[in-house]
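give me the fold of what follows.
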Amino acid sequence: MRRDTSQRTESKATYRVKNWAQYDAGLIARGDIAVWIDKNLLRPAPAADVSRRGRPIVYPDAIIQGLLSLKQVFDLPLRALQGFAQSLHRLAFPNLPVPSYTTLSRRAQSLQVVLPALRPGEPLHLAVDSTGLKLYGEGEWKVRTHAWSKRRTWRKVHLAMDTRTGQICAALMTHQEMGDSEVLTDLLEQIPFGTPIDIVGGDGAYDTKACHAQIAACEGVMLWPQATLGAT
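Here you go, the predicted model:
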């Protein structure tokens, strides 16, 4: 390619730190880790269900969900997660039950995730949307080189987030062919009974007459008088 026909790329802007004190404080805050253990994690597992076959549950769902949350935050393998929990048990929380890594792997498959409780009395400003989750299949390089194949499978994760607090209020996983507007009712049904909702916002996929009717007819949700569906 001739030099006179090649496109010239503009130089990228260089970011320069001006407030070094604030910059250093931000770097220090990255290592500020505070582990708060809820009392529910220290409670024993509920009584065994006599109608259920197999070994009774020893560890409650709360401790399994709490440890798996630490796994995602610190990007720990299951064995390292067990060692991390053992260190918490040995140093600060002697009543903390520590399941093995095999128990964590088995219980994670059927765990019913409990979202944190919402702030009572405060109206929610929900933002609903979906994203893709690749289960198995080829990577992006293979698709660009050899095209797409049938083994490439996706799932959709639908989320409803409170924009004021950044808290995930509802979550749902569906097949890739499921439309966004079709699961809006399922997301709203996960909101606790009597929780006020100010605004439900989403993209054009939710700006339909059916979605407006679903919001108005949703049971257990108290809508503010100005509650609307804002398309973005």
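
figure out the helix or strand that residue 14 lives in.
Per DSSP states H and E: residue 14 is located in neither a helix nor a strand.

enumerate the beta-bridge partners assigned to residue 126.
Assessed by DSSP bridges, residue 126 has beta-bridge partners residue 162, residue 200.

check contacts around it.
Listed by CB atoms under 8 Å, 6 or more residues apart in numbering, the contact set of residue 126 reads 160-163, 169, 197, 199-201. C-beta: built from backbone N, CA, C; applies to glycine.

looking at these, which is nearest residue 77?
The closest of the contacts of residue 126 to residue 77 turns out to be residue 161 (CB to CB; 28.8 Å).

so the closest one touches residue 200, yeah?
No: using CB atoms under 8 Å, residue 161 is not in contact with residue 200; the gap is 11.2 Å.

distance check, residue 199 against residue 160.
Computed with CB to CB, to the nearest Å, the distance linking residue 199 and residue 160 is 12 Å.

neighbour count winner among these two?
Taking other CB atoms under 10 Å, residue 199 and residue 160 do not tie; residue 160 has more neighbours (25 against 17).

where does the spatially closest residue to that one that is not a sequence neighbour land in three-state SS?
Leaving out its chain neighbours, the residue that sits closest to residue 160 by CB to CB, 6 or more residues apart in numbering is residue 170, at 4.0 Å. Recorded secondary structure, residue 170: strand (DSSP: H, G, I helix; E, B strand; the rest coil).

how about the contacts made by residue 170?
Residues near residue 170 by CB under 8 Å, 6+ apart: 115, 158-160, 187-188, 190-191.

now those residues: which count as buried?
Burial by neighbour count, 16 or more other CB atoms under 10 Å: within the contacts of residue 170 this picks out 158-160, 187-188, 191.

list the buried residues of stretch 167-181.
Using 16+ other CB under 10 Å as the test for burial, stretch 167-181 gives 169-170, 172, 174, 180-181.

which one of those is nearest to residue 207?
For these, the minimum distance to residue 207 (CB to CB) is 8.7 Å, reached by residue 181.

show the pLDDT at the closest one.
Predicted confidence (pLDDT) for residue 181: 85.

hang on, isn't it packed against residue 212?
No: using CB under 8 Å, residue 181 is not in contact with residue 212; the gap is 10.3 Å.

so what's the backbone phi/psi at residue 98?
With angles defined as degrees, to the nearest 10, residue 98 sits at phi -120, psi 100.

just to revisit the earlier point, let's see which of the buried ones among the contacts of residue 170 end up in strands.
Applying DSSP state E to the buried ones among the contacts of residue 170, the entries found in strands are 158-160.

now do the contacts for residue 89.
96, 98.

same thing but 10 Å
95-98 (CB atoms under 10 Å, 6 or more residues apart in numbering).

out of the residues you listed, which end up buried?
The neighbour count (16+ other CB under 10 Å) marks 96-98 as buried among the contacts of residue 89.

hmm, back to that, between residue 161 and residue 200, who's got more neighbours?
residue 200 (26 against 19).

any idea how many residues pack against residue 88?
For residue 88, using other CB under 10 Å, the count is 16.

let's have the chain start at 2 instead
OK, 2 is where the count begins now, so the last one is residue 89.

did I read that right, it in a helix?
Yes: counting by three-state DSSP, residue 89 is part of a helix.

let me know the pLDDT of residue 87.
On pLDDT, residue 87 comes in at 92.

how near is the closest residue to it other than its chain neighbours to residue 26?
Leaving aside its sequence neighbours, residue 87 sits nearest to residue 99 (CB to CB, 6+ apart; 5.3 Å). Per CB to CB, residue 99 is found 35 Å from residue 26.
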